[in-house]
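Peer 1: Sharing a model prediction with you, sequence too.
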Amino acid sequence: MPRNPIKDAVAIVGVGSTGFSRTDDRSQLALGLLAATAAIRDAGLDASDIDGLVTIGEPGAPTSAMFASSLGLDTVTHHSRPSPVVMFSIIDAMNAIHAGSADVVLVIAAMLRLPWASRSAANDPFRRRVPSVIPAIPESIAMATGYTAWASRYLHEYGVDREAWARVAVNGRSHAASNPLAVLRDRITLDDYHSARMIRDPLCMLDMDIPVDGADAFVLTSAERAASMPHPPVLIHSASVGMIGPNTEDQLPTFQRHGQHVVIDQLKAKSDFWIDEVDLFYPYDGFTIITSAWIENCGWCPPGQAGAFLREHWNDDTDTVLVNGKVPFNTHGGSLSEGGTRGTGHVREAVVQLRGTAGDRQVPGARTALVTPGGFFFNSQGMMLRAG
């Protein structure tokens with residue numbers, strides 16, 4: 001059985017966000033600083049309390065050194081810049097605190113619409129200077145095209161239609177309607193999904209997250225120190241990232257074994273509870289095919305049955321998923337509607353729900369959450385959170 005000496009030893013004690021838009025003219029540095037300042041204040045701290053800094057390595061994003069200088073941090077004993085998605089940075093911060101490398105770690109994730117993902121960004125002379133991570137050959141199976149290929153295989157292998165993806169998209173938009181941070185808040189229907197413009201068959205416009213400008217930030221510290229802070233601490237019960245050997249879009253061998261399975265096996269082995277005791281579920285939805293895979297692989301339903309499962313647990317009055325009448329999915333709207341935050345929105349929403357500060361979106365009595373950001377390949381990750 002995997003050891004988990006860090007279980008419940010580290011807490012998220014502060015969150016900050018700029019909210020998200022497609023018209024922001026502020027720099028990535030400015031956005032990150034606004035979210036960071038809000039997170040530090042939310043934790044009841046000031047810059048002098050921060051001795052660790054972890055940023056997310058988006059293309060062209062400011063370095064940890066730039067953020068430290070701009071925030072006026074006096075003494076930094078741990079700093080790093082992991083790749084997206086968010087859990088790489090969260091786990092790095094956790095390990096730094098547990099190992100004694102830092103006492104209070106600030107995690108900053110600043111997002112910017114880039115030329116390859118946004119027509120308006122491509123016309124911005126400043127954004128055109130940001131390095132691209134997209135392969136030079138447009139028809140490469142890497143990145144977004146890879147998920148399209150696997151989406152086609154999903155429909156073929158399981159003999160199903162796009163129902164699961166439609167309900168994922170509608171569920172997200174229904175929740176985003178009450179989230180002031182979200183970029184897309186107009187409600188949609190299942191008919192709207194099925195009539196949406198096809199982008200790369202079988203994925204349509206509503207199957208893909210939306211590029212945004214904005215930033216999220218988190219403050220982490222030890223559970224012991226968290227007990228005396230302003231908000232109820234949210235404890236990281238277990239966390240994992242995972243991949244298998246063949247982990248690229250064109251080499252992944254099968255739906256039956258990939259990075260999600262590694263993450264789920266680790267979380268189940270390290271945790272004292274699983275989905276039958278979870279109050280909230282935040283599956284990643286950068287593409288709807290990713291969400292259906294998380295739903296199935298976490299054990300909510302058998303492989304290929306996400307569509308039937310979501311239909312069974314669909315609330316027609318609210319156009320949302322509510323498992324057994326009590327467990328909602330992606331109460332912030334997810335990446336499809338709040339914005340493509342590389343999973344930071346999923347983590348932030350879980351935190352505010354578990355500490356009871358989610359406002360109109362608050363799920364009564366929420367005490368536990370399963371958050372699973374990332375996809376199939378080299379970026380699968382997840383964590384179990386509980387109210388302290």
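Peer 2: Happy to help now that I have it. Note that the structure is predicted; figures quoted are calculated from it, not measured. Numbering: from 1, shown residues only.
Peer 1: For the residue nearest to residue 200 when sequence neighbours are not counted, the count of nearby residues, please.
Peer 2: In this structure, residue 200 finds its nearest non-sequential neighbour in residue 148, 4.6 Å apart by C-beta to C-beta, 6 or more residues apart in numbering. C-beta here means a position set from N, CA and C on the backbone, and glycine is covered the same way. Residue 148 has 21 neighbours, counted by other C-beta atoms under 10 Å.
Peer 1: thought residue 148 was touching residue 198?
Peer 2: No: using C-beta atoms under 8 Å, residue 148 makes no contact with residue 198, being 10.6 Å away.
Peer 1: picking that back up, so the residue nearest to residue 200: helix, strand or coil?
Peer 2: When classified by DSSP: H, G, I helix; E, B strand; the rest coil, residue 148 comes out as helix.
Peer 1: so what's it up against?
Peer 2: Listed by C-beta atoms under 8 Å, 6 or more residues apart in numbering, the contact set of residue 148 reads 200, 201, 202, 203.
Peer 1: Show me how to select, in PyMOL, the buried members of the residues you listed.
Peer 2: Written as a PyMOL command, the selection of buried residues from these, which uses 16 or more other C-beta atoms under 10 Å, is:
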select buried, resi 202+203
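Peer 1: ok, so of the contacts of residue 148, who is nearest residue 284?
Peer 2: Checking the contacts of residue 148 against residue 284 with C-beta to C-beta, the nearest one is residue 203 at 15.2 Å.
Peer 1: quick one: contacts for that closest one?
Peer 2: Applying C-beta under 8 Å, 6+ apart to residue 203 gives the contacts 147, 148, 151, 165, 287, 288, 289.
Peer 1: count of neighbours near the fourth one?
Peer 2: Number of residues near residue 165 (other C-beta under 10 Å) recorded here: 29.
Peer 1: Retrieve the pLDDT associated with it.
Peer 2: What the model reports for residue 165 is a pLDDT of 98.
Peer 1: thought it was touching residue 290?
Peer 2: No: using C-beta under 8 Å, residue 165 is not in contact with residue 290; the gap is 10.0 Å.
Peer 1: Need the overlap of contacts for the two.
Peer 2: When C-beta under 8 Å, 6+ apart defines a contact, no residue borders residue 165 and residue 290 alike.
Peer 1: Would you map the helices across the chain?
Peer 2: For the chain, helices defined by DSSP state H occupy the ranges 28-42, 64-71, 86-99, 119-122, 144-158, 163-176, 190-195, 223-226, 259-270, 288-297, 306-312, 334-337, 344-354.
Peer 1: Quick one: find the helix or strand in this protein with the lowest mean pLDDT.
Peer 2: helix 119-122 (a mean of 58; mean pLDDT, DSSP states H and E).
Peer 1: lowest-confidence stretch among the helices of the chain?
Peer 2: For the helices of the chain, the weakest mean pLDDT is recorded on helix 119-122, namely a mean of 58.
Peer 1: what's the spacing between the nearest residue to residue 83 once chain neighbours are set aside and residue 9?
Peer 2: Nearest residue to residue 83, sequence neighbours excluded (C-beta to C-beta, 6+ apart): residue 57, at 5.1 Å. Per C-beta to C-beta, to the nearest Å, residue 57 is found 26 Å from residue 9.
Peer 1: how near is residue 155 to residue 213?
Peer 2: In this view, residue 155 and residue 213 are 34 Å apart by C-beta to C-beta.
Peer 1: Residue 258 too?
Peer 2: According to C-beta to C-beta, residue 258 and residue 213 sit 31 Å apart.
Peer 1: One more: residue 55?
Peer 2: As for residue 55, its distance to residue 213 is 17 Å (criterion: C-beta to C-beta).
Peer 1: cool, and residue 142?
Peer 2: According to C-beta to C-beta, residue 142 and residue 213 sit 25 Å apart.
Peer 1: ok, back up a step: relative to residue 201, how far out is the residue nearest to residue 200?
Peer 2: For residue 148, the distance to residue 201 equals 8 Å [C-beta to C-beta].
Peer 1: now residue 283
Peer 2: From residue 283 to residue 201 the distance is 23 Å (C-beta to C-beta).
Peer 1: again with residue 266
Peer 2: Look at residue 266 and residue 201: by C-beta to C-beta, they are 35 Å apart.
Peer 1: wait, doesn't residue 155 sit right on residue 163?
Peer 2: No: contact criterion C-beta under 8 Å: residue 155 and residue 163 do not qualify, at 10.6 Å.
Peer 1: Strands of the stretch 201-350 of the chain, start to end?
Peer 2: Secondary structure of the stretch 201-350 of the chain (DSSP state E, counting those that start in this stretch): strands at 203-204, 214-222, 234-242, 280-283, 314-315, 320-323, 327-328.
Peer 1: Now do the residue nearest to the spatial centre of the chain against residue 363, distance only.
Peer 2: Central residue of the chain (C-alpha atoms, centre = their mean): residue 343, 1.4 Å from the mean position. To residue 363, residue 343 is 19 Å away according to C-beta to C-beta.
Peer 1: Can you point out the buried residues in stretch 87-101?
Peer 2: Neighbour-count burial for stretch 87-101 flags 87, 88, 89, 90, 91, 92, 93, 94, 96, 97, 101 (criterion: 16+ other C-beta under 10 Å).
Peer 1: Which of those residues sits closest to residue 23?
Peer 2: When the buried residues of stretch 87-101 are compared for distance to residue 23 (C-beta to C-beta), residue 89 wins out at 26.8 Å.
Peer 1: which residues does that closest one contact?
Peer 2: Going by C-beta under 8 Å, 6+ apart, residue 89 touches 54, 55, 56, 80, 82, 107, 109.
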